[in-house]
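**Q** The following block contains a protein sequence and its predicted model.
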Amino acid sequence: MSLELGGDRAELERLATAVEEFAQQQGWPAAVVFKVHLVLEELVINVMAHGGRGGDTEIEVAVRSGEDLISISVVDNGVAFDPLTEAPEPETSGPIEDRDAGGLGVHLVRTMMDDVSYRREADRNRLTMTTPKS
Amino acid sequence: MELTSDNTGGAVIVKAVGRVDGANARDFHEGLEARIGADGESMVLDFEGLTYISSAGLRVVLLVAKTLQQKDAKLAVCSLSGSIREVFEISGFDKIVPVYTDSGEAVSGLGL
């Protein structure tokens, strides 16, 4: 599946519907569908919130279902940002007073996906990753 | 996403059904805030009917846990699906918000 999204939060619903339809077609197990939903939402929201393009935001989401692996790519026209090296590492072990939800989205993506890779290419951020199909 | 709640001796049990994502996390937050009781009244989030939560929803869980702590009350969660439990653990939330198998266990676990 591939989808082009703008910068409005309402786009999240379109994304969720598209993922749901594609997952059904492909017959993915529920845990895999959950993971793909989550990762795409986290990445797209980050671009909407921090990409700095407002109403001119362009995000291209592509998901391919291979034999054993699902490959995901998210390309956006936001400011250059490598979530693998530039996102803050969230506090995940201290007491409640020290916790902050910032950075959790990227942390979830890095932990749950494999082969996560970032490239800045033609003024766009390109993030790719894979996850097993089952 | 729908919330329903039930007050059971010293704690409010809130059932969340459906999905909590970046599009409705604000409603989730408002719904939970509105159900926070008097000082000392703890809250149990029953996620049996919850099919999805992203970091936008986790942020709300954290904010509510912080508010309750300031009110000398506790937050617990119960009935997590495998995927939601995984997200909880990766985020380290299981270390600050106790996780129970069902609401009965949560109520007794909170010492109520």
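**A** That came through fine.

**Q** contacts and neighbour counts: CA atoms only from here.
**A** Will do.

**Q** what about the closest residue to chain A within chain B, neighbour count?
**A** Closest residue of chain B to chain A, C-alpha to the nearest C-alpha: residue B:92 (4.5 Å). Here the number of neighbours of residue B:92 (other C-alpha atoms under 10 Å in any protein chain shown) works out to 18.

**Q** Is the nearest residue to it once chain neighbours are set aside part of a helix or strand, or is it coil?
**A** Nearest residue to residue B:92, sequence neighbours excluded (C-alpha to C-alpha, 6 or more residues apart in numbering or on different chains): residue A:92, at 4.5 Å. At residue A:92 the chain is in coil, as set by DSSP: H, G, I helix; E, B strand; the rest coil.

**Q** again, but for residue A:15
**A** helix.

**Q** who's in contact with it?
**A** The contact partners of residue A:15, by C-alpha atoms under 8 Å, 6 or more residues apart in numbering or on different chains, come to A:3, A:5, A:41.

**Q** Just the closest of those residues to chain B, please.
**A** residue A:41 (7.6 Å).

**Q** Three-state assignment for that closest one, please.
**A** helix.

**Q** pretty sure the residue nearest to residue B:92 contacts residue B:94?
**A** No - look at residue A:92 against residue B:94 with C-alpha atoms under 8 Å: they stay out of range, at 9.5 Å.

**Q** More neighbours: the two, which one.
**A** residue A:92 (21 against 18).

**Q** separation between that one and residue A:39?
**A** 18 Å (C-alpha to C-alpha, to the nearest Å).

**Q** Residue A:74 now?
**A** Residue A:74 is 10 Å from residue A:39, by C-alpha to C-alpha.

**Q** related to what we said a few turns ago, so which of the contacts of residue A:15 wins on neighbours?
**A** residue A:41 (23 neighbours).

**Q** How about that residue: what's its closest non-neighbour residue?
**A** Nearest one to residue A:41, counting by C-alpha to C-alpha, 6+ apart, is residue A:12 at 7.0 Å.

**Q** My guess is residue B:59 contacts residue A:101. True?
**A** Yes - the criterion here is C-alpha under 8 Å, and residue B:59 meets it with residue A:101 at 5.1 Å.

**Q** picking up where we left off before, how far away is the residue of chain B closest to chain A from residue A:47?
**A** Taken as C-alpha to C-alpha, the span from residue B:92 to residue A:47 is 24 Å.

**Q** try residue B:87
**A** Distance from residue B:87 to residue A:47, by C-alpha to C-alpha: 21 Å.

**Q** Quick one: residues contacting residue A:62.
**A** A:1, A:2, A:3, A:72, A:73, A:74.

**Q** Can you report how many residues lie near the last one?
**A** If I follow you right, that is residue A:74. Neighbours around residue A:74, by other C-alpha under 10 Å: 23.
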